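Engineer: whatever this is, show me its structure:
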Amino acid sequence: ARRRRSSMSGSQSDLDGDGDDNDPTHHAFSGRPEERLRGVYLFCVTDAGTPAPSGPGLDAESSLYATGSGAVSAVVCDLMLDEWTGAEAEQRLQDLNWLGPRVMRHQAVIEQAMSVGPVLPLRFGSIFSSLESLRAWLASQSAVITPFLQQSRQFEEWSLKGWLDVSRAEATLLASDPRMLALPSQPGARYLREQKLRQEIAKSVRSWARNIEGKVLGVLGPLVAAHRSLRALPGDASGRSEEVVFHHALLVPLASKDVVLQQIERLAEELAAQGVTLQISGPWPQYSFVPALGSLQERSGAESLHRG
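Structural biologist: Model (predicted):
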């Protein structure tokens, strides 16, 4: 099992510009240069009084700063709204040369904030029309955000992936199948029966891997506060030949983190010979366990590079 930090992957955003006019993250823009409007980009929410990380915002043209309401504070930067709304913005959001550095910066800022204290991370592309609308949203969500920040001090989010080496797993299953001992001795008949057995195993290997997933969660479930299934990207997206057969976010209590990681190491050693590799990475911002937040409608938009 490997532990590593990697770049951000698979997120939603509020960038399509077709939201409700009452949604504080929705903006209309006339497109005339002389009326360029500034908006506010939200990275994450922290405890009141927590300083913003140092450095630029999403790009070199902006700076990070903190603004708050009551017991919570937001890490933000300013931006030009016309860069994020309208037809030209849609084209930019398809351009990885423009989008990629901003996605990476979004994640880096949140990780910087994590090093200081608990954070509630926002998905890439959370934009408000003004500081006033942001502060109003913070005030309206304080009853949800404050308990989350208090709780997050006691937990960390870790990512657990199960990688399947299909050829190795099939070979292991074939070698351990009792039907191999019952193959006929005649070469021709033995060959035909063995090929049929290989085909049956090839059809069932992924179901077998799913059973492995259940066993892993059966061991880890009692040790973690919660776990959630995440989308499994193809192996080639991470430069690997194996298949991702399961991917889970684990909410790990700090008090039992060492025990959880030790159990994963033990399971990884047991499964490696069977063609299944466990990969653990973290800690990550607690995206997978953020509570539902009112008014901030996150719709599918730019893809990011989360949890490699």
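
Engineer: for residue 208, see how far away residue 200 is.
Structural biologist: Taking Cβ to Cβ, to the nearest Å as the measure, residue 200 falls 11 Å from residue 208. All C-beta atoms are positioned from the backbone trio N, CA, C, and that covers glycine.

Engineer: neighbour-wise, which of those two wins?
Structural biologist: Applying other Cβ atoms under 10 Å to residue 200 and residue 208 shows that residue 208 carries more neighbours, namely 18 against 14.

Engineer: neighbours of the residue lying closest to that one once chain neighbours are set aside, just the number please.
Structural biologist: Excluding the flanking residues, the one nearest residue 208 by Cβ to Cβ, 6 or more residues apart in numbering is residue 173, at 6.5 Å. The tally of other residues near residue 173 (other Cβ under 10 Å) stands at 19.

Engineer: and residue 173, which helix or strand is it part of?
Structural biologist: Per DSSP states H and E, residue 173 falls inside helix 166-176.

Engineer: list the contacts for residue 210?
Structural biologist: Neighbouring residues of residue 210 by Cβ atoms under 8 Å, 6 or more residues apart in numbering: 245, 246.

Engineer: and whatever helix or strand it lives in, what's buried?
Structural biologist: Taking DSSP H and E as the criterion, the element that holds residue 210 is helix 187-220. Within helix 187-220, the residues scored as buried using 16 or more other Cβ atoms under 10 Å are 193, 197, 201, 205, 208, 209, 212, 213, 216, 217, 220.

Engineer: mean confidence score for the helix holding residue 173?
Structural biologist: For helix 166-176, mean pLDDT is 74.

Engineer: from the middle of its chain, how far away would that helix be?
Structural biologist: Centroid displacement of helix 166-176 relative to its chain, using Cα atoms, centre = their mean, to the nearest Å, is 31 Å.

Engineer: for it, packing partners?
Structural biologist: helix 187-220 (3 or more Cβ pairs under 8 Å, 6 or more residues apart in numbering; DSSP states H and E).

Engineer: buried ones in the helix or strand just after the helix it packs on?
Structural biologist: Going down the chain from helix 187-220, the next helix or strand is strand 226-229, by DSSP H and E. For strand 226-229, the neighbour count (16+ other Cβ under 10 Å) marks residue 227 as buried.

Engineer: kindly report the same for stretch 246-261.
Structural biologist: By neighbour count with 16+ other Cβ under 10 Å, stretch 246-261 contains the buried residues 246, 247, 248, 249, 250, 251, 252, 257, 260, 261.

Engineer: leaving out the residues flanking it, which one is nearest to residue 92?
Structural biologist: Excluding its sequence neighbours, the residue lying closest to residue 92 (Cβ to Cβ, 6+ apart) is residue 98, at 4.9 Å.

Engineer: quick one: which helix or strand includes that neighbour?
Structural biologist: According to DSSP H and E, residue 98 maps onto helix 96-114.

Engineer: can you report phi and psi for residue 276?
Structural biologist: Backbone torsions of residue 276, given as degrees, to the nearest 10, read phi -120, psi 130.
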